[in-house]
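> After the sequence you'll find the predicted model.
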Amino acid sequence: MIGAPKTLKEARNYHYGEWAGNPRGDKYIEGQCAYEILKGWIPTQCKKNNGYGPGWLYYKVHASKVK
């Protein structure tokens with residue numbers, strides 16, 4: 001993920017899945033991993049519980065991908 005949020009403030013301002021069918025995207029849901037994944041062809045927020053990585057915003061596996 002390029003430009004992954006590193007703080008809670010950045011995560012709250014991040015919008016997941018911005019594309020032509022959803023130009024505003026979806027806001028960050030607190031308590032869930034802040035990593036953006038693909039669900040089919042649509043980017044969305046990971047649904048795993050957070051608690052690792054920068055700002056404690058990521059699931060254990062995704063935290064290793066965010067530098």
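Okay, I see it.

> List the buried residues of the lengthiest helix in the chain.
Counting by DSSP state H, the longest helix found in the chain is helix 8-13. Neighbour-count burial for helix 8-13 flags Glu10, Ala11 (criterion: 16 or more other CB atoms under 10 Å). Every residue, glycine included, has its C-beta placed from N, CA and C.

> in its sheet, what does the very next helix or strand once past that helix sit against?
The helix or strand immediately downstream of helix 8-13 is strand 15-16, counting by DSSP states H and E. Using DSSP bridges, the strands paired with strand 15-16 are strand 26-27 (antiparallel).

> Which secondary structure element is home to Ile37?
Counting by DSSP H and E, Ile37 is part of strand 36-39.

> other SSEs contacting the helix or strand following that strand?
Next in sequence after strand 36-39, counting helices and strands by DSSP H and E, comes strand 42-45. With contacts defined as 3 or more CB pairs under 8 Å, 6 or more residues apart in numbering; DSSP states H and E, the packing partners of strand 42-45 are strand 15-16, strand 36-39.

> quick one: the last one to chain centroid distance?
Pointing back at strand 36-39 there. The chain centre lies 9 Å from the centre of strand 36-39; the measure is CA atoms, centre = their mean, to the nearest Å.

> Report the strands that pair with it, each with its relative direction.
Take DSSP bridges as the rule and strand 36-39 pairs in its sheet with strand 42-45 (antiparallel).

> that older thread, identify each buried residue in the strand holding Ile37, please.
By 16+ other CB under 10 Å, the buried positions in strand 36-39 come out as Glu36.
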